Each structure stands twice: as structure tokens, then as C-alpha cells.
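# Everything below, folded, please.
(chains A, B, C and D)
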Protein chains: 4
Amino acid sequence: MQTRQKVGILGATGVIGQRFLQLLEAHPWFEVAWLAASDRSSGRRYADVARWKLDTPIPAEIAGMTVSPASPEGAPKVIFAALDADIAREMEPAFAAAGCAVISNSSAFRMQADVPLVVPEVNREHVGLLESQSWRKNGGGYILTNPNCSTIGLVLALKPLEERFGVEGVAVTTLQAISGAGYPGVASLDILGNVVPHIKGEEEKMESETKKLLGRLRGDRIEPLAARVSAHCNRVAVEDGHTESVSVKLSRKASREEILAAWREFTPLVGSALPTAPERPVEFLEEENRPQPRLDRMRGKGMTATVGRLRPCELLDWKFTVLSHNTIRGGAGAALLNGELLAASGRLDFPANPGPGAGRLERVAVPA
Amino acid sequence: MQTRQKVGILGATGVIGQRFLQLLEAHPWFEVAWLAASDRSSGRRYADVARWKLDTPIPAEIAGMTVSPASPEGAPKVIFAALDADIAREMEPAFAAAGCAVISNSSAFRMQADVPLVVPEVNREHVGLLESQSWRKNGGGYILTNPNCSTIGLVLALKPLEERFGVEGVAVTTLQAISGAGYPGVASLDILGNVVPHIKGEEEKMESETKKLLGRLRGDRIEPLAARVSAHCNRVAVEDGHTESVSVKLSRKASREEILAAWREFTPLVGSALPTAPERPVEFLEEENRPQPRLDRMRGKGMTATVGRLRPCELLDWKFTVLSHNTIRGGAGAALLNGELLAASGRLDFPANPGPGAGRLERVAVPA
Amino acid sequence: MQTRQKVGILGATGVIGQRFLQLLEAHPWFEVAWLAASDRSSGRRYADVARWKLDTPIPAEIAGMTVSPASPEGAPKVIFAALDADIAREMEPAFAAAGCAVISNSSAFRMQADVPLVVPEVNREHVGLLESQSWRKNGGGYILTNPNCSTIGLVLALKPLEERFGVEGVAVTTLQAISGAGYPGVASLDILGNVVPHIKGEEEKMESETKKLLGRLRGDRIEPLAARVSAHCNRVAVEDGHTESVSVKLSRKASREEILAAWREFTPLVGSALPTAPERPVEFLEEENRPQPRLDRMRGKGMTATVGRLRPCELLDWKFTVLSHNTIRGGAGAALLNGELLAASGRLDFPANPGPGAGRLERVAVPA
Amino acid sequence: MQTRQKVGILGATGVIGQRFLQLLEAHPWFEVAWLAASDRSSGRRYADVARWKLDTPIPAEIAGMTVSPASPEGAPKVIFAALDADIAREMEPAFAAAGCAVISNSSAFRMQADVPLVVPEVNREHVGLLESQSWRKNGGGYILTNPNCSTIGLVLALKPLEERFGVEGVAVTTLQAISGAGYPGVASLDILGNVVPHIKGEEEKMESETKKLLGRLRGDRIEPLAARVSAHCNRVAVEDGHTESVSVKLSRKASREEILAAWREFTPLVGSALPTAPERPVEFLEEENRPQPRLDRMRGKGMTATVGRLRPCELLDWKFTVLSHNTIRGGAGAALLNGELLAASGRLDFPANPGPGAGRLERVAVPA
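Okay, the predicted model is just below:
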């Protein structure tokens, strides 16, 4: 195995932080060399401070690592960040200013004009936006983000339709898993046998992020998609996997067969060799009662969005259900795939700490 | 207490049948005198054949009753029916032909042109439709139905808006409780920690029933509301209470305050003295995360639909959440309220078995 | 209605505090006149600070009440207390020292030698113990407690057996509801689709409290029952209702019929007129798969412990399942019944604030 | 890869049948060559008749296989059977009589005197019992069984204690997952937010099977362990993983350290090269609130029983919690490991269809 690039995890003890560690175990390009969490955890053994909630054990090489203070000194140049937005707002710029590539899962900077919001299969050409960041110009560092866990399944399903038919209107209602709220997150008294029809800020995120992701890069800015998007967000008693009921209005008429073909033929990263990229970013299930979170969230190792129930919509044009794993495809896996995309485009090749890119990888076609 | 009218329950052992018995315990107008269920149960003690699933015990006077064969001989003239559609399709006409008032919760005849589909607060004037039924003309019997459990909360929320502003388009996504599928119904392996994004026939029912309920009685037919209605139906791990995310397009602009006023002032049965009518058919909750099934389904003894989260919709005009108890407001309570409406309009006054109406009740204003 | 005695609630915003308010709505003897909670809530409107989690609305007369500081000044003389043990340890003595009757649900003083730990049907003669408290002697105040939510169902089932056959050994495994941990309490990620086989301090409480409750009052001390009691405590995904699998070794052989008779004939408060006392403190269910929390926890308005599945035990003598509602019978209802017992024995008749006892109530036979 | 032995699955569409297919995908020794299920499914494509409920897709090579009639004609000589007891009682003898090795998960023949009931780590020497079966003597066929899903975790935890200290008494209360009841199995209305304190026949199985498993082979019969075992069996809202609260009385005193050592050093199949054998059949977890089904059931790929919470028992000697995956360790994995044990002892080497044993495998020490 070639030398792997050392990476750090900011927010390593949370639900998404844990997924990063799980997904990075034995990753071919990246090696976790540094963990940081809140001050309370700093200086202690990871296994002693993390309340590990995944069904695989803490990776052996991680359990005994000491949690570092959350500051750029001593941190690797490549940082996967899983911080709450409030904390991210202060901390991510500090790392970018220190020359780090901050690959963030936080909402803090997603909508900032010069910060790319990227899903590699959807809009990898937006990556170039980061070159206009002042951190980048000054010291090489930058921030790149992935969308909210509920946005990502939606845009994966919409992108092939937007490409072929245009998307003018979207009505989406989510049924979101509890892991999306972190730990301790949702109180059991609030969700057992219940639905909570509100998730703070979630609807706004889905509406604005979807338009940025499906927008066009014009010089050094993104022109958002000119569509109307309306979201209803609900929390349900599911551990992992966000289910979404979607109605869509297209710019030009499309038949059922055309839509299925658009999804089937949507394989934009095939041949890219990004290790975390699923063979099929969108997979259509024929059964009339699928997708379901318990049965389908792990397709493509948790990176495939599954769609089903395609049928005409009396109000818009077509309706369907989409499901994606919220802490893999919609969290740590999303950021990891972004990290791989950056590596493949040479943007993790720091002089003092060369990445696995530069001449060594089959490159993904990404505009400079 | 005045003499109560004897009523029978068809399908007395099912989930809705049990709710009928629970709600009819100590009802001021009606007295359960006859129970029927499948052949397998006939001739046996009710408590021995019903797999009772409610959290109050089987009413004492019911437990020891013998289950009758499901045929009109010996049955009272007033029948509350909670049968599966397939069975209802054969059996309800037999009872109507035998001169019974069949107050049905089944979907079998809801969309038939001469069968009233009624929610008293919404369209009680549709009751008159039953006078055109041939059973009615020949022997006095008839069938009157209430809508599907997921339709009823929606139309209660929409009716005040339709009255004041007109409704042109509706997008609704449901999160439906397991009790809606009866017993044994949904397998636990299918729903625990899961969502099932499909309920057979449910979306079609919501779309067509809503338009009939909000339609106009023109002579002896209903002109359905000219609106586009699109439903997504999902099953979630909730015992009772259907939650619905609704977006609505109005014919004329309405402010938030106007909509809240429409709901607040919607008290169409006040003064009607129907025992099961809730004080407020629609109640708006101010909290940003309500209504919730576990907390709100029992408002108005399970007969109030609660709405919340009113906010502008980027795609249509407004969006909100509505919740109603699926086996009370959306099932046995719906039929019971219909029975009370019929009694109050004299339509349960059978010669051989006079009802509580005719001169004894304050009448609800119902067109003959 | 006679004048009701004014009572205060300490810890009014918690899960048990809310149950107190629900159960005291329209109570014939007591009237909630004062509410206290944490400093954060003090001075604010109850409805604005309580995160109300019950399925009935906040009682109308409570919603607008101002939350008082948690100190005896201005508080009524009768206090129902629902505090965490740490806080109770400081605060309850302060109220007792100020002359209040503190009827506590907390574990803080349950095992203290001069504090009665009482379930009225089980050991109401222990009440006399409070006369030896120094607070009582000095200013009339005192502390009286009820047991832990998981102990109470067990002792209700055991008491009739202890009376007739003697109890020498008890093995009990609990399956406890989430509401027992308060709010926010158990994180949904910890309990959805899961079991947590540990509840801090719970096993020790069940073992020691059971022996004190079934013990004898000897002068001014309790001689605990000389039995071996072993508890396993588990948390399960149930909202309300603790289920317990119990094996018991008796001092003398008893037949199935004798045990059923002991439970059936156990009606120690009949004729006592305590408003919250259930007709049957213990009810045996014949069905082979009962009791179940969802179906049976509300028997006797949540005050009846249901037992079932009586069968021989290969290891001890008999085994059975017992269920009780943890926040009613095992919490607020337990304390309320204790309050009624104290009222009926004249121990709430404070000179400046006479209780409903003294000559006005049919007295329960309670040793002075 | 060497030639794999062709095996058949009886009851291939059920919950355990599906696990067989999942676990046998890419098995180094066995290859699924034949599937049978009910008559209704016979002749149809597997993917069209199985209601697949696992979170990995149907193995590609299985999806298109045709389901065979459930009779020995055309079946391989090695049969893994996952049939309901009623059906197994007729069908398994037919296959054994036809010369097949029937490796059964059913309860039908577990307690029959000449049928080995085997957990390889616990009592592999019992395998020899099958040589006395008349089917074996006549045509080479036989039946060998594994225990009930709730027994297996218990005996894995008890075996090391029995070996070192002797076991005289066991009190066990289970909290069992819904998958143990098959599909559709437990109705969601029965288990959501609920506990069902009864599983038909389960307690009797746990009591008798435990004694047979821990018993001694004396010539051609098993002398059961002379211990008293008492079980309470409960169903809880968990998908997979049976949790058990266990108290145990030992023949001689043991310290905490001695018990931990017994579990730690219990590695009876190390070096056996059975592919499904976990590195550690029993693993002790130090955390005070473990094991938990959601977090720990997949240890050892679902084949490790995890124990925790070891502490003194006031009634017996020690108490602890044990957890095991009910459809892997307690079902398909148990049978598969038995199959591997049989292969390693040469008992799958049929003349016409030689197994992977005979000279090719490192043999496990199993008495002939």
C-alpha cells in the first residue's frame, strides 16, 4: 500500500465523527492521525471519552489515541470536520487560515458565496470555487462543504432529472432518522411511538442548498437553480436513513421510461477510482413498497440513494420516494467522498505533506 | 335517561369494531344490542373471540354478549359497520335492502354516486343524497359512509379554507399509524425502526374522497371540488394518530391571520347537541413542533383535528401539519357522529324501532 | 364541594410533577395552590417553562400560574415533592423544618430509619414512624415517602403472599419504561430497537425498599423482612408501565388456588374512601400473555398492579409477571394516595391550615 | 478455491432461511445448490416468492434459483433445515431416511434421545449420538439439531462456569427480539411501545435444552445436567438480539476474577479452522450498561455471546447479562457451525457426494 495521507477529525466523538472513524478504518488513501473534540475530552484516551454508538467496535488503532485540543497546531493539513454549526463558524476558518483543507459536514459555511457545496456526482465542477477563497490565496487552506443529510438524497435523485428534463418545482416531505440529531439528541419520550413535525432550520437548508447544488458555476459564483422548492421536515422513530416523499415539476415532459433511464444511466463517477464512490449513486427499486430505511439504507455501503414508487403526480408531474443513509451518504461518507475528489484533483497536495493525488491517481475530470 | 336506540355492530371484533364498543359505552342515544363478526366467531362469547387491543377493558355489558351471524335477521335497524371493503361490498347492501340504516366506515361504497360520504362538520348537506338510494325508496334502508382515516383530518383542515378562500391545489404527505391497518395488520419486522412508503389504495382514496367531501350537492349528485390533490402515504411506527404534511394553493390570497381565523371560527356544529361532536373540530397549536400524535391525538376526546406549523409555501401558498386520531376521528368516532347526525335529522326513526330523533332532539340544520 | 386543602408541588415541571398536576385536577380534597421548580423557571408562567409530555392538556387553572422559588416561604403546608434525589436531600428537610408535610416521591430519605416508606395497601401502619422525626416534634413538619417506581408493583404483588404464606426469597427482573428516567432522560439512540440492561441504583433500591415495606414496625423502627431479594433492572422501549418477571420462594407451600385467592381477596382499603385508592390494588389476568404495559397499565386509573402468568418455578416456588404504571402507581399516584392517607389520619390538619381530615372524613384505620 | 460441498436449504424463504442464504454467500466449504419452501413457492423464482427482510440484498446467485418441492428427490445430501416444528416433525425424518444429513434449527427433535443437540463450543462430543439413529445405520442419513435461539446465549455463558465451578441453579429472564418469531410473526400493534410476557413453549425449551446441552454423553444417551433452571420469556421491541438477565448458583464458590477468567479463557474451537467459529464465543464487556442488542449483537459476526454486569446475587451466587444474536448465533449461524463441525469430523463425506472433510481439513477433536 502506498503511503497514506494523514488526516485529522474535528468533532471526533459525535455521531458523524464516529462514522468518519468507522469509514476511514483501512481507507486506501487516508489515515487518521489526529483527533480533536471538545475541551472536556482533550488529553484523554478516545475510547474513554467517546460514547460510541455504532454497531462495529471502535477501530483498534483509534481506541487508544489521545484526543488533541481543537486547534490547528500539530494538526494534519487535511481535516474532516463534524462540528455543530456554532462551533464550526469559529473553528473552521481558523483551520483554513492555518493552511488546512477543511472538508466540512457543518452547515456553517454551506451557503457562503465562495465556499463550494459539493456532492461529487452532482456538481463536482463547483469545487473550483474554493480557489477564490482568501485563505486559499494566502496560505493554501480552504473550506469545502457537503450538504445537509436530508438534502443529499434529494439532489441525487433530482440531478439526473434536471440534466435531462429541467426541474422547475419540488415538493418534498421528509421522515428523518434520529441519528441526524446527534447524541443524546432526540429524547426517547419525544419520538417513541411519535412523530415530531419540526427540525430546526432543516426546511430552509433543504430549499436553499438544493438550489445551490443544482446551480451553475458562473466565473467565481454559483447561479442557483431557478426552481421553487418547498420542504416539510419530520422526525420519525428510525435509527438511520432519511425517507423523502417527493413531487417534481419538470421543464419538459418526460415519460416514466425516460425518468427511469435518467436514473439508471446516472453514473458520473464510473472510472473515477474514488474509493468511496458507489457503483450506482441512484438505484431504482421496482417493488411497490420500497425503498425502506431498514432494508435499503446500506445499499452501496450506505452511499447509494435508492428511489422507488415513481408515479404521476396530479399536482406537479411525477412523484417518488427517495431514501439515503443520513450519517453515511448524508454525513461522513459525503465528506469523505469530497475528500477523495479533492485528492484526485491534486488539492490535497500540500508541499509539506503531499497528498495521494498529483500524478499518482487516475484523475476525475474536475475543472481546475 | 331516555330510551336509547338499539344499534348493531358489524365487524365488532376488529380494531374499529372495538373502538365502536368503547365509544358507545354509556352513549346517551345508542345502546349496543347486537354484535356480528366473521363466521368463525358467530355463536361465541364476545370476550372469547375478540383480541381486544384497547387500553380500556371490554365494556362489561359487551364481554358476555353472544356474537350473532352477520345477517340482517334479528339485527337492529341501525347498524354501524366496520368491515373490510371486500366483505362490505356484499354485506352492506344486504343490510340496506333489509331496511337497515348502514352507517359504514368501509371504503366499498364511498365513491358511489348515490351514497353520501359525510363528515358532519364538512358536508352534512350531502346526507340528503341517501334519499335517492333504491334501498331507501323501497324499504327505508340505506348506506351512508365516512371517509378514509387519512382523508378526514385533511378535509377538516381544508374545509374552513375552502369556504373562505377556495382551494385549488393540495399536496399532502401522510405519516400513518399502524392501527389503521387493523390487527394483526402491519408486521413488527416491517415497521419497527422503519418506514413503509406505501399503503395500498390509500393515495387514490385521499385524492378522490377529498374532492367529493368538498364538493357540492347538485340535485341528486355531488359535483366534486375542482382541485388538484396529490397524496404520498407512508406508514410509521406510531400506534394511533395520522400526521400529515400539507401544502395548499388557494383561489384567493389569504394572510396568516385570515387562515388562523378561518380555523378558529370553524365551529359548524356548535349548538347541535350531537354528543360526539367536539367543541372544536379544528384546533391550531402555537408551538413550533406540534401537533404530535402521542401528545395531541386525544384532543376533543379524539375528535379534534389539530393543526400547526402554518407557514408560507414556496411552491403553493401555505403549508401546515394536521393530525387526527385515525381510529376515533378517522374511524369509529366518524361513523358515530354520522349516526348522531342521522338521528338528529330523523333518519333513524324507523316505525318499528323509533330513534331518538323525531321531536325529541334539538335538530341540526340538515337539508331534508 | 367542601373547602379543599391547598397543596404545593415541588418539582412541578418534571415528568412526575406533571402527573401530580394531571391527577390533582379536580381532586376532591386537594387544590394545587403553589408550584415550584428550578431557579431557571422561577417567576415564569408554568405553561411557558414546562415541557408538557402528557396526552391531556395542562390543566387550565395551572397553565397561567407563576412558578414560585423552591423555598418554604409562602408555600402551603402540604407539599407533594417530585425532586431528583440530590436536590431532595437538601430541600425536603428545609420544608419539613419549616413545618410542612413533605410527601415525597424521591429516593433521598426512603431508607432513613425514621422516615416512613409507605404504600397504603401494604404497610400503612408504618406511617406512625413519622411521629419520631425531630422536625415533627419541633414544628409539626415531616417527610413521608413512597417507594421507587419499580418496587411498588412488586410489593403490591408480594404483600398478599407475605401475609398468608410468608416470603423468603424473590428473584425479579424488570423491563422498565422510559418515562421512569424523566425528561429528556433516555436518549432515543440508546433505546429505540434496544434494551439497556442497567439503571443506576435501581437494583439496590428494589432490594432494600422491598424489605423495608414488607417489614414490621417495632416501636419507632422498622424491622425489615428477612428475605433474600435479587433484582435485575432493564430499560426497554415502552413509554409507560414497568413489567416485572418475578420468582418467589414462600415460607409455606401454597397452591395456585391459594395464591389467586390471596390476590383476589387483597382489598385492604375498601371502605376507606381515599379518592385515589383503586378498587383492586392487585388484579389477576387470566390470559396467558398478560399483563402488557400498553393494554393494562391504566387499570384502576393507573393505580392497579396487574399480575398474570402464575406458574410453578423450578428454582423457587412460583413465578408470575406483574405490571404497574410507573408514573401513576409508581410515582405521583403513590404520593397522592399517601397524602390522602395522611389526611384521613388527621396528619394534614395544621392549625393555621386545617386539612380535610379531623372529623370530616371517614377515617382509615391507621395506628396513631 | 477447492470444490465446495453442495447443500440444500429447507424452509429457504423464512427469516432463518434468509439468514442461511446470507451466511452461506461465499462460504468456503458449502455452496447452496437447492432451495425448498412451501408448496405455494415451489417452481417459482426465489426472488419472487421470498419476502426478503435482511439489510443486504438477496445473493445474486440465489435470486434467480427455482424453488424446489420439499422432498428428498433431487436434493443434495447435506440439508440445512429451518422449518416450523410441525412441518419439521414430518419432513426431517423423510430427508434423514433418504440418506441426508439434516442439520436442523427446528425444535421438533431436539429433545429426542438419539438426536444430538449441539453447540460446538459447548458439547461437540454429543455429536456421536447420531451414530445410534436408525436412519444413520440404514442409509447414512441423520438429524442433528441446535438449540432454541434463547437457549444458546445462556449455555455459552454457563458452559465455562459449569466446567470450572459446577452449575446447580439458574434463573433467567429473557427480553427477546421480534425476528425470533419469524415473518409476519409479531403484530406491530402487539409490540410497539409494549412488552409481551409470553412466548409459547419457550420457557420449557430453555429449561430442558440447557440441561441436555450441559449434560454428559453416557454411551448412547445424554445424562442431563442435574440443575434447576427456571426461565421467564418476554418479547420486546428489538429487531435482533436476545438479552437475558441471569442469576446462577454454583457448586463451589467462585470469585469475580475466577468467573471472568473462565469466560476469557473459554476458546474451545481455537485452531479448529471452522469458518463460522468466532474467535471468542463469549466476550465480557466492562461497561456498566452493556451488552446491548443494537450495539453488541454483531460481535464476532453475530456469533459471539457478549456478557456483562457481573455482580453478586443476593439470592443465588452471581448475576449477569448475556446477549446473543438470535437469528445468527441462535439460528442459521448455529446450524452452519454444526454443519462445519460435521464436515470436519467426516460426517458429511457421502460416497456419492464427498464432503470437504476426509483428509482435507484440519480435524476438530470430536469423538467418533
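# pLDDT of stretch A:272-285, averaged?
For stretch A:272-285, the mean pLDDT works out to 95.
# Repeat that for stretch A:134-147.
For stretch A:134-147, the per-residue pLDDT averages 97.
# and the gap between A:R164 and A:I259?
As for A:R164, its distance to A:I259 is 8 Å (criterion: Cβ to Cβ, to the nearest Å). For glycine as for every other residue, the C-beta is placed from the backbone atoms N, C-alpha and C.
# higher neighbour count, these two?
More neighbours sit around A:I259 than around the other of A:R164 and A:I259, counting by other Cβ atoms under 10 Å in any protein chain shown; the figures are 22 against 18.
# Can you verify my assumption that the more buried one contacts A:C313?
No. Applying Cβ atoms under 8 Å as the test, A:I259 and A:C313 come out as separate, 11.9 Å apart.
# domains of chain A?
Structural domains annotated on chain A: A:5-147+A:330-344, A:149-325, as defined by automatic domain parsing.
# Could you point out which of the ones you listed sits nearest B:P72?
Shortest separation from B:P72 across these is recorded for domain A:149-325, at 37.8 Å, computed as Cβ to Cβ.
# Pull up the distance across that closest one, start to finish.
Start to finish, the residues bounding domain A:149-325 are 8 Å apart (Cα to Cα, to the nearest Å).
# Show me how far that domain is from its chain's centre.
12 Å (Cα atoms, centre = their mean, to the nearest Å).
# what does stretch A:310-327 give?
Here stretch A:310-327 shows a centroid-to-chain-centroid distance of 20 Å under the convention Cα atoms, centre = their mean.
# That one and chain B in contact?
Yes. Shown here: stretch A:310-327 in contact with chain B (Cβ under 8 Å from any Cβ of the partner chain) through A:313-316, A:319, A:321.
# just for chain A, where's the confidence low?
Judged against pLDDT under 70, the low-scoring parts of chain A cover residues A:1-2, A:351-368.
# May I have stretch A:207-216 exported as PDB, CA atoms only?
Taking C-alpha atoms only, stretch A:207-216 is exported to PDB below (Å, rounded to 0.1, in the frame of the first residue of the first chain):
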ATOM      1  CA  GLU A 207     -34.600  24.600   0.000                       C
ATOM      2  CA  SER A 208     -31.500  26.800  -0.400                       C
ATOM      3  CA  GLU A 209     -28.900  24.000  -0.600                       C
ATOM      4  CA  THR A 210     -30.800  22.200  -3.300                       C
ATOM      5  CA  LYS A 211     -30.800  25.300  -5.500                       C
ATOM      6  CA  LYS A 212     -27.100  25.900  -4.900                       C
ATOM      7  CA  LEU A 213     -26.200  22.300  -5.600                       C
ATOM      8  CA  LEU A 214     -28.200  22.200  -8.900                       C
ATOM      9  CA  GLY A 215     -26.900  25.700  -9.800                       C
ATOM     10  CA  ARG A 216     -24.300  26.700 -12.300                       C
END
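# can you list contacts of it?
Outside stretch A:207-216, the residues within contact range by Cβ atoms under 8 Å, 6 or more residues apart in numbering or on different chains are A:110-111, A:117-119, A:122-123, A:126, A:147-148, A:151, A:154-155, A:158-159, A:162, A:167, A:170, A:222-225, A:227, A:229-231, B:314.
# Just the buried positions in that stretch, please.
Across stretch A:207-216, burial judged by 16 or more other Cβ atoms under 10 Å in any protein chain shown covers A:207-215.
# Report the contact partners of A:E257.
When contacts are counted by Cβ under 8 Å, 6+ apart, A:E257 touches no other residue.
# isn't there a helix covering it?
Yes. The assignment for A:E257 by DSSP: H, G, I helix; E, B strand; the rest coil puts it in a helix.
# And the contacts of stretch A:207-216, which of them are buried?
With neighbours counted by 16+ other Cβ under 10 Å, these contain buried members at A:110-111, A:117-119, A:122-123, A:126, A:147-148, A:151, A:154-155, A:158-159, A:162, A:167, A:170, A:222, A:224-225, A:227, A:229-231, B:314.
# neighbours of A:P268, just the number please.
By other Cβ under 10 Å, 18 other residues sit near A:P268.
# Okay, and the residue of chain A found nearest chain D sits in which element?
Across chain A, no residue is closer to chain D than A:G193, which sits at 4.6 Å (Cβ to the nearest Cβ). Counting by DSSP states H and E, A:G193 is held by no secondary-structure element, helix or strand.
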